[in-house]
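Trainee: One predicted model, sequence on top.
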Amino acid sequence: MTWRARPGPVGSPADRLAARHHRALLHRELPRVRESALAWRNGLAALLTGLVGFGLLRGRSDIGSLATPYAGGVGVMLLLALLCGGAGGLSLLRAAHGRPAAPRPAPGGDVSVADTTAADHTEALRAAQALGRGVPLTLCCAALLTAAVAVAWYGPPKDGPRVSVTTPDGTVCGEPLVTRGGRMTLRTDTGQVTADLTRATTVHAVMSCAALPADG
């Protein structure tokens with residue numbers, strides 16, 4: 001069986017208007033995606049800048065002063081935030097400015113309007129995909145930075161040096177605060193206690209007060 005192509009029906013004015021409207025949408029598709037990517041990039045950059053600046057205002061800045069599990073957690077969150085922020089930033093730059101490559105001329109040096117429209121449409125789809133990846137990645141970076149700052153500020157501190165002072169009245173163990181006039185003030189689990197060093201039989205540093213035997 002042989003098939004023969006026959007001309008279709010004559011386009012109506014409404015069909016021609018719809019075709020012009022579709023062509024105009026395709027012509028503006030890539031610039032609209034680029035503008036949207038630029039707006040998202042600027043807004044998210046301002047968000048991250050404000051978040052980093054707020055994190056430097058006050059609070060604990062030395063991660064090493066945190067207790068062991070929390071210090072490692074802050075380090076992991078900062079690493080993940082760096083990875084998410086880098087990937088998100090590259091995706092937003094890809095969406096806003098395209099790939100960092102020089103355009104290749106078409107074979108023969110002749111580029112038709114249809115070819116240009118098709119190439120712009122393909123690039124608009126890729127830019128939209130990059131924008132869809134970049135926004136959640138950057139927001140994830142902001143969330144990780146917020147969590148890291150919160151843990152760094154409010155996480156439990158690392159245990160400092162402890163001193164055990166034994167006197168005829170018993171043994172006192174805690175973090176040394178002030179030593180003055182033969183007396184040492186210690187911070188213990190029950191509050192601040194002052195030990196008389198002039199009556200002390202032993203004074204030595206310990207790793208933990210929990211390992212000491214209870215007073216008989």
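Mentor: Good, I have the coordinates.
Trainee: Now name the helix or strand holding residue 95.
Mentor: helix 68-97 (DSSP states H and E).
Trainee: do residue 5 as well
Mentor: Judged by DSSP H and E, residue 5 forms part of no helix or strand.
Trainee: Next, give phi and psi for it.
Mentor: Dihedral angles of residue 5 (phi, psi; degrees, to the nearest 10) stand at phi -80, psi 130.
Trainee: contacting residues for it?
Mentor: Listed by C-beta atoms under 8 Å, 6 or more residues apart in numbering, the contact set of residue 5 is empty. C-beta here means a position set from N, CA and C on the backbone, and glycine is covered the same way.
Trainee: Report pLDDT for it.
Mentor: In this model, residue 5 is scored at 72, pLDDT.
Trainee: what about this structure, any weak spots by pLDDT?
Mentor: 1, 8, 10-27, 54-62, 64-65, 101-115, 159-160, 210-216 (pLDDT under 70).
Trainee: who are the neighbours of the helix holding residue 95, in terms of helices and strands?
Mentor: Secondary structure elements in contact with helix 68-97, counted by 3 or more C-beta pairs under 8 Å, 6 or more residues apart in numbering; DSSP states H and E, are helix 13-55, helix 113-154.
Trainee: helices or strands up against the shortest one?
Mentor: Taking 3+ C-beta pairs under 8 Å, 6+ apart as contact, the helices and strands that helix 113-154 lies on are helix 13-55, helix 68-97.
Trainee: If I take that helix and helix 68-97, what angle do their directions form?
Mentor: 160 degrees (axes from the mean of the first three to the mean of the last three C-alpha atoms, to 10 degrees).
Trainee: How far away from the center of its chain is helix 113-154?
Mentor: Helix 113-154 sits 13 Å away from the centroid of its parent chain (C-alpha atoms, centre = their mean, to the nearest Å).
Trainee: Now the element after it, going C-ward?
Mentor: Next along from helix 113-154, by DSSP H and E: strand 162-167.
Trainee: quick one on the thing from earlier: so which of the helices and strands packed on helix 113-154 is the most surrounded?
Mentor: helix 68-97 (a mean of 17; mean count of other C-beta atoms under 10 Å).
Trainee: Return the residues in contact with the most centrally placed residue in the chain.
Mentor: Nearest to the geometric centre of the chain sits residue 141, at 2.3 Å (C-alpha atoms, centre = their mean). Applying C-beta under 8 Å, 6+ apart to residue 141 gives the contacts 48, 81-82, 84-85, 88.
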